[in-house]
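# Build me a model from this:
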Amino acid sequence: MNAIVRLDTRGRLVIPNEFREILGLKAGDEVLLSLDTKTDTLTITPIYEKPTSLVKMEIEFGDTPGCLAKIAKKIADMHIDLVMTESKSSQRGRKARWDVIADISKC
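Purely as a prediction, here's the structure:
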């Protein structure tokens, strides 16, 4: 299902009513916006669980084998729910970065 919508002068867009009905979205609901700069794609994902306490974390660490897994284990041990993540090496073999959107309502 696709639709072409236009941004208003304040940069807002309206999700068509048919889409909102199918997704069960109503005024005040939270959605997650994800931008893929490689494909110039914006994804809108409904967040259904209430209440949520979403935070964005930018974690920098040494780019060594197993390091990301250790960090993920520590986060899981704190009962933090990962909603979306993206990791990349900024300096191959030396430095990496993990961008995380997480729900901290259960920690």
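# Just the element for the closest residue to residue 58 other than its chain neighbours, please.
Distances taken as C-beta to C-beta, 6 or more residues apart in numbering put residue 99 closest to residue 58, at 5.7 Å, once the chain neighbours are dropped. All C-beta spots, glycine's among them, are computed from the backbone N, C-alpha and C. Assessed by DSSP states H and E, residue 99 sits inside strand 95-103.
# quick revisit: please name the bridge partners of the residue nearest to residue 58.
Following DSSP bridges, residue 99 is listed with bridge partners residue 58, residue 86.
# Could you list the domains of this structure?
According to automatic domain parsing, the chain comprises the domains 1-48, 54-103.
# Mind putting those into CSV with mean neighbour count and mean pLDDT?
Converted to CSV, the domains of the chain look like this (neighbours: other C-beta atoms under 10 Å; pLDDT from 0 to 100):
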stretch, mean neighbour count, mean pLDDT
domain 1-48, 10, 92
domain 54-103, 13, 93
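# Secondary structure element holding residue 69?
Here residue 69 sits within helix 67-77, counting by DSSP H and E.
# wait, I meant residue 20
According to DSSP H and E, residue 20 maps onto helix 17-23.
# and the helix or strand following that helix, how far from the chain's centre?
Per DSSP H and E, helix 17-23 leads on to strand 31-36 as the next helix or strand towards the C-terminus. Remark: strand 31-36 is offset 6 Å from the chain centroid, using C-alpha atoms, centre = their mean, to the nearest Å.
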